[in-house]
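Colleague: Sharing a sequence plus its predicted fold:
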Amino acid sequence: MEESKKIVAENIIRLRTSLGLTQAQLGEQLNYSDKSVSKWERGESVPDVFVLKQIADMAGVTVDFLLNAHSPDEVIEPENKKAHYSRRFIALTVIAGIWALAVLLFVILWILGIISWIVFVGAIPISLITLLVLNSVWGNRWNNVYIISALVWSIIALVYLSALDQNWWQLFLLGIPAQIIIIFAFSIKKKPKTQEKT
């Protein structure tokens with residue numbers, strides 16, 4: 001039993017460091033304290049199967065990887081490595097499609113005698129909304145801070161440029177409290193469980 005705990009402990013350390021996380025960061029993501037993670041990594045206790053599954057999913061490996069011994073020079077090959085590439089290309093393809101439609105609309109309007117550059121400015125928030133949805137499903141939630149911030153400022157810029165003759169520069173003042181709210185909203189952290197779990 002002690003040997004099994006040692007194997008699991010070594011594998012948790014290995015996966016945590018490969019993810020570039022501290023014990024506190026891993027604990028936060030799993031909703032455990034860094035003391036619990038430290039106990040797991042010292043082999044004093046083993047996380048339950050649900051936590052092992054969470055750790056394995058984070059690193060893109062199977063739970064079986066955590067339970068078996070590996071040589072130190074063995075490369076961690078995430079099972080979902082190909083999925084990351086396809087997700088990135090899906091996102092790029094969708095955004096490229098949005099910009100292709102913007103170019104098409106611009107050309108149609110140009111043929112009709114209307115030169116409207118605002119079409120390209122309008123494509124920016126649409127692209128950011130799409131990126132936000134895809135990142136919420138597949139990506140790191142912390143990237144949403146930057147995406148939402150860019151979305152707010154791009155919408156303000158779109159409204160301002162749409163009514164450029166009105167010179168509504170005051171609209172940009174709305175971005176300041178919006179930016180503060182976004183930062184505070186993403187700074188709210190889930191309180192980690194303080195009880196020690198084995």
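Modeller: Received it, and whenever you're ready, just let me know what you need.
Colleague: From here on, just use CA atoms for contacts and neighbour counts.
Modeller: OK.
Colleague: tell me the domain boundaries of the protein?
Modeller: 2-67, 83-187 (automatic domain parsing).
Colleague: in this protein, which spans are helices?
Modeller: 2-18, 23-30, 34-42, 49-59, 63-67, 81-111, 118-138, 143-162, 171-187 (DSSP state H).
Colleague: So which of the ones you listed is the most surrounded?
Modeller: helix 34-42 (a mean of 21; mean count of other CA atoms under 10 Å).
Colleague: Next, the distance between the ends of stretch 52-66.
Modeller: 7 Å (CA to CA, to the nearest Å).
Colleague: Distance from the chain centre to it, please.
Modeller: 19 Å (CA atoms, centre = their mean, to the nearest Å).
Colleague: do stretch 31-46 as well
Modeller: 25 Å.
Colleague: one step back: mean pLDDT for the domains of the chain - can I get that in JSON lines?
Modeller: Shown next, in JSON lines, are the domains of the chain (pLDDT from 0 to 100):
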{"stretch": "domain 2-67", "mean pLDDT": "87"}
{"stretch": "domain 83-187", "mean pLDDT": "88"}
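Colleague: Distance check, Val49 against Leu21.
Modeller: Look at Val49 and Leu21: by CA to CA, they are 21 Å apart.
Colleague: let me redo that: Asn68
Modeller: Asn68 sits 22 Å away from Leu21 when distances are taken as CA to CA.
Colleague: Relative to Ser127, how far out is the residue lying closest to Ser162 once chain neighbours are set aside?
Modeller: Nearest in space to Ser162, with sequence neighbours left out and distances taken as CA to CA, 6 or more residues apart in numbering, is Ile118 at 6.9 Å. Per CA to CA, Ile118 is found 14 Å from Ser127.
Colleague: now do His70
Modeller: 43 Å.
Colleague: now Gln54
Modeller: 31 Å.
Colleague: same thing with Ile7?
Modeller: In terms of CA to CA, Ile7 sits 45 Å off from Ser127.
Colleague: do the same with Ser187
Modeller: To Ser127, Ser187 is 25 Å away according to CA to CA.
Colleague: try Ala69
Modeller: According to CA to CA, Ala69 and Ser127 sit 45 Å apart.
Colleague: wait, what's in contact with the nearest residue in space to Lys5 that is not next to it in sequence?
Modeller: Spatial nearest neighbour of Lys5, excluding adjacent residues (CA to CA, 6+ apart): Gly43 at 5.1 Å. By CA atoms under 8 Å, 6 or more residues apart in numbering, Gly43 lies in contact with Glu2, Lys5, Lys6, Val8, Ala9.
Colleague: and Gly43, what are its phi and psi?
Modeller: Per-residue torsions, Gly43: phi 80, psi 20 (degrees, to the nearest 10).
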